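Chemist: The following comprises the amino acid sequence and a computationally predicted model.
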Amino acid sequence: MILETKNLEFSYPDGTKAVDDISITIPQGKKVSFVGKNGSGKSTLFLLLNGTLKPKKGKVLFGGKEVDYSSSGLRELRKKVGIVFQNSDDQLFAPTVYQDIAFGPLNLGYSKEEIDRVVNQMLDHFGLQALKDKPPHHLSGGQKKRVAIAGVLAMDPDIIILDEPLSNLDPVGADEILDILNELNDLGKTIIISTHDVDLAYKWSDYVLLLSSGKLVNEGTSGYVFSNDEEVRNSALKSPFILDVYRELEKRWLATGNAQPKDIPELVQLLHSVDLMRVDISPEVAVGECVNLGVLFGDYTKEGLYEAVNSRVLFKSDDGTAVVELKRRVLKPGAIHVYNMDEFDKAEFDKIVDEYDINFIGAMGKKSKDIAENNGIDVVCNSGVIDKSILNAITGSRCLILTSSGMVSHTAKRIREYIQNSGIRLIFSPVGKGALDINEENTQDQTDGLIEVE
Ligand SMILES: Nc1ncnc2c1ncn2[C@@H]1O[C@H](COP(=O)(O)OP(=O)(O)OP(=O)(O)O)[C@@H](O)[C@H]1O
């Protein structure tokens, strides 16, 4: 059943306007929090919602029908909308716990057997059996709160309103009450609480209504309401602690942006590890901008070749250097293959280009270039072929060097030396029928004419 208000207004006899033109719809089956500083009108609104107070203007509707303020109408409303007061002493008055819980069902006209069954069910459920004959005013705060909730629940309401349910409870007692509220919500009850504990409201609620000076300031999911920092502060509240911590991390690019973590595990999920490096930087690049650092060598390549792209400048120093956060784009190791044109075979050549996924071809020497040209081979590099192949391979290209005669072994030697000296992970393999000569000359290690040097 849905609880609504339309342009609700209430002033106390001394003229204090405690509720000012409030129109709301309480979402059914949800965990709802009214949040606002002391005196913002939460308690007054709750008393209006269960018919304890009668509005001066506007109306309260339950199940789409305007509340009937006759005694039978109010009895019907209070059976469906139970209220647990902030101060349990205002609620508990019977001589024993048992009688207190029995009060509601008795008023609703239940039979003696039915009352006994319901009260015992509540005593069991709330762990109160051992206290059933005690006077409520001899109980601890947490125990009183459980008795008060049990008394309301004994009438099996659809909606349970609790005014500041956790105030004055120790952390364990507060957790016990929260567990009860969550359990009741799981059973389908709509739970409405009031609180100025923004951390609780943010984490616990499905829906939040923000009140200030008797007016509704904002409403929506807790993430939505608390994302408006200014509004929350204007209502004399502070933003949830976890959201403050997250925002500080986000400002420093230590957490993924624009999220609303509710608890520590959610916050931890949003953290990203940083990989920082100090680099020389041009004076025009500002903090927060991104630079591309290209392919990184040296110690960094030990983890595999990668290119540092879109590296954000986090901090600039007066000496012209900056700390940047590396964003690694891992490159798959490039390859250099050498083809001996002395033994050129068009069919074999085409197969190699296809099989090794070649995307860069360079030709060395007149003979290689002529054969390539006569066979329609798309040569992209005619000079400085070894260096260009190395540069292409270290950024992930698969290169094929066409060479012949004495240049074959020279080429292989240069590339092997480069790979060994740099420590950069590259695949090097002479390919084709002529590959055997290169292998015999340079290494004992032969595997089907293919050597991988890493
Ligand atoms: N019986 C009363 N007579 C006159 N004014 C009252 C009465 N009860 C409450 N008020 C006033 O109505 C306004 C709203 O009070 P209310 O108790 O509804 O706020 P609240 O948000 O529940 O506060 P808190 O968080 O302190 O419980 C306050 O200005 C308060 O002083």
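Modeler: Sure thing, it's come through. Numbering: from 1, shown residues only.

Chemist: Flag the shaky bits of this protein, pLDDT-wise.
Modeler: With pLDDT under 70 as the threshold, the chain has low-confidence stretches at 1, 295-306, 329-331, 436-454.

Chemist: residues in it within reach of the ligand, list them.
Modeler: 12, 14, 16, 18, 36, 38-44, 196 (Cβ under 6 Å from any ligand atom). Quick note: C-beta positions are derived from backbone N, CA and C, even for glycine.

Chemist: Now do the helices in the stretch 151-300 of the chain.
Modeler: 171-186, 198-204, 222-227, 229-234, 241-251, 264-270 (DSSP state H, counting those that start in this stretch).

Chemist: Tell me which of these is the most buried.
Modeler: Highest mean neighbour count among the helices of the stretch 151-300 of the chain (mean count of other Cβ atoms under 10 Å): helix 198-204, with a mean of 21.

Chemist: Please compute how far that one lies from its chain's middle.
Modeler: Chain-centre distance of helix 198-204: 16 Å, with Cα atoms, centre = their mean, to the nearest Å.

Chemist: which helices and strands sit right next to it?
Modeler: strand 31-35, helix 222-227, helix 241-251 (3 or more Cβ pairs under 8 Å, 6 or more residues apart in numbering; DSSP states H and E).

Chemist: Pipe the ones you listed into JSON lines and attach distance to Leu187 per row.
Modeler: Formatted as JSON lines, the helices and strands packed on helix 198-204 follow (distance: least, Cβ to Cβ, whole Å):
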{"stretch": "strand 31-35", "distance to Leu187": "12"}
{"stretch": "helix 222-227", "distance to Leu187": "22"}
{"stretch": "helix 241-251", "distance to Leu187": "28"}
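
Chemist: Could you point out which of those sits nearest Val60?
Modeler: Smallest distance to Val60 across the helices and strands packed on helix 198-204 (Cβ to Cβ): 14.7 Å, for strand 31-35.

Chemist: Just checking: what are the partner strands of the closest one?
Modeler: Taking DSSP bridges as the criterion, strand 31-35 forms sheet pairs with strand 190-195 (parallel), strand 207-212 (parallel).

Chemist: What lies in contact with the first one?
Modeler: To tie it back to what came earlier, the one meant is strand 190-195. The contact list for strand 190-195, computed with Cβ atoms under 8 Å, 6 or more residues apart in numbering, reads 3, 26-36, 42-43, 46, 49, 86, 158-166, 181, 184-185, 201.

Chemist: are any of these buried, and which?
Modeler: 3, 26, 31-36, 42-43, 46, 49, 86, 158-166, 181, 184-185, 201 (16 or more other Cβ atoms under 10 Å).

Chemist: Now do the phi/psi pair for the residue of the stretch 351-454 of the chain found nearest the ligand.
Modeler: Proximity of the stretch 351-454 of the chain to the ligand (Cβ to the nearest ligand atom) peaks at Gly396, 63.2 Å away. Note on Gly396: its backbone torsions stand at phi 100, psi 0 [degrees, to the nearest 10].

Chemist: Do I have it right that it meets Gly334?
Modeler: Yes - at 4.8 Å, Gly396 and Gly334 qualify as touching, with contact defined as Cβ atoms under 8 Å.

Chemist: Compare those two and say which is more crowded by neighbours.
Modeler: Using other Cβ atoms under 10 Å, the more surrounded residue of Gly396 and Gly334 is Gly334, with 24 against 19.

Chemist: Surely Gly362 forms part of a strand?
Modeler: Yes - residue state for Gly362 (DSSP: H, G, I helix; E, B strand; the rest coil) corresponds to a strand.

Chemist: What separation do you get for it and Pro430?
Modeler: 15 Å (Cβ to Cβ, to the nearest Å).

Chemist: Those two: who's more crowded?
Modeler: Shown here are Gly362 and Pro430; by other Cβ under 10 Å, Pro430 has more neighbours (28 against 25).

Chemist: Now do the SS call for the more buried one.
Modeler: Per three-state DSSP, Pro430 ends up strand.

Chemist: Just grab the bridge partners of it for me.
Modeler: Under the criterion used here (DSSP bridges), Pro430 is bridged to Val338.

Chemist: wouldn't it be in contact with Ile415 here?
Modeler: No - taking contacts as Cβ under 8 Å, Pro430 lies outside contact range of Ile415: 9.6 Å.
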